[in-house]
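Peer 1: sequence-free structure coming up:
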């Protein structure tokens, strides 16, 4: 039985939602998405000249998109970010669990599963995909015996989602991913316990909400827009 949320957890959910809206609304139209010269300069100084090129390529992916369907956008975004290198947080950030922004991820040209999923999520949002269709989802990767994060896309509420994953280059319906066992999912509005192949009840997890809020705070500081 799921325990009730505490006042602190409700407050965190509220802060996450407000932060999410502040960040996303200005860039909901991909044509308005711009990385400032200052942001590009800082990235180049920190990560090198190749990072600037990756960030410009990311901006063009969003602003030059002519996809007619969400599925076309999913393919482009999934392919773009799956070119990055997988590196665990402990080696990359000297921390056990660090959630990077897309700029940090592209700057390093490396990250772990959370970084792939988060970058894909925000990029698709900037390209106009509805928030209600996207959920970052924690799963158990049965092949490797590890906990793992993927991005789930729901064509419509209650419909079977498609899975965007850095372990698998192709995008497949959840029912085809027998190697993944869903645990819980979330987006800008909170955390959700996963039912077998869909969404479930809101679940309290202040640590996850805090990391999510930290990502959005860092993105706002990166001057997106």
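Peer 2: Yep, it's here. The shown structure was predicted, so the numbers you read here are calculated from the model rather than taken from an experiment.
Peer 1: low-confidence stretches in this protein?
Peer 2: 1-31, 188-209, 222-225 (pLDDT under 70).
Peer 1: cutoff 50 now
Peer 2: Residues of the chain meeting the criterion pLDDT under 50: 1-5, 7-29, 225.
Peer 1: what about the strands in it?
Peer 2: 85-86, 110-111, 134-141, 146-153, 162-164, 172-173, 180-187, 190-193 (DSSP state E).
Peer 1: residue 68: which of those is closest?
Peer 2: Nearest of these to residue 68, taken as C-beta to C-beta: strand 146-153 at 16.0 Å. Just so you know, the C-beta spots here come from the backbone N, C-alpha and C atoms, and that holds for glycine as well.
Peer 1: can I get the strands of the chain in a markdown table with distance to residue 126 and mean neighbour count?
Peer 2: Formatted as a markdown table, the strands of the chain follow (distance: least, C-beta to C-beta, whole Å; neighbours: other C-beta atoms under 10 Å):
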| stretch | distance to residue 126 | mean neighbour count |
| --- | --- | --- |
| strand 85-86 | 23 | 12 |
| strand 110-111 | 18 | 24 |
| strand 134-141 | 12 | 22 |
| strand 146-153 | 14 | 22 |
| strand 162-164 | 15 | 24 |
| strand 172-173 | 24 | 13 |
| strand 180-187 | 14 | 21 |
| strand 190-193 | 21 | 20 |
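Peer 1: among those strands, which is nearest residue 59?
Peer 2: Going by C-beta to C-beta, the one of the strands of the chain nearest residue 59 is strand 110-111, 18.6 Å.
Peer 1: now the closest one, how far from the chain's geometric center?
Peer 2: The chain centre lies 13 Å from the centre of strand 110-111; the measure is C-alpha atoms, centre = their mean, to the nearest Å.
Peer 1: for residue 184, see how far away residue 177 is.
Peer 2: Noted for residue 177: a distance of 16 Å to residue 184, by C-beta to C-beta, to the nearest Å.
Peer 1: can you check residue 71 too?
Peer 2: Residue 71 sits 25 Å away from residue 184, going by C-beta to C-beta.
Peer 1: any idea how far the residue nearest to residue 214 when sequence neighbours are not counted is from residue 113?
Peer 2: Closest residue to residue 214 apart from its sequence neighbours, by C-beta to C-beta, 6 or more residues apart in numbering: residue 99 at 6.7 Å. From residue 99 across to residue 113, the span is 11 Å (C-beta to C-beta).
Peer 1: now swap in residue 100 and tell me
Peer 2: Counting by C-beta to C-beta, the gap between residue 100 and residue 113 amounts to 11 Å.
Peer 1: for residue 57, same thing?
Peer 2: Distance, residue 57 to residue 113, using C-beta to C-beta: 22 Å.
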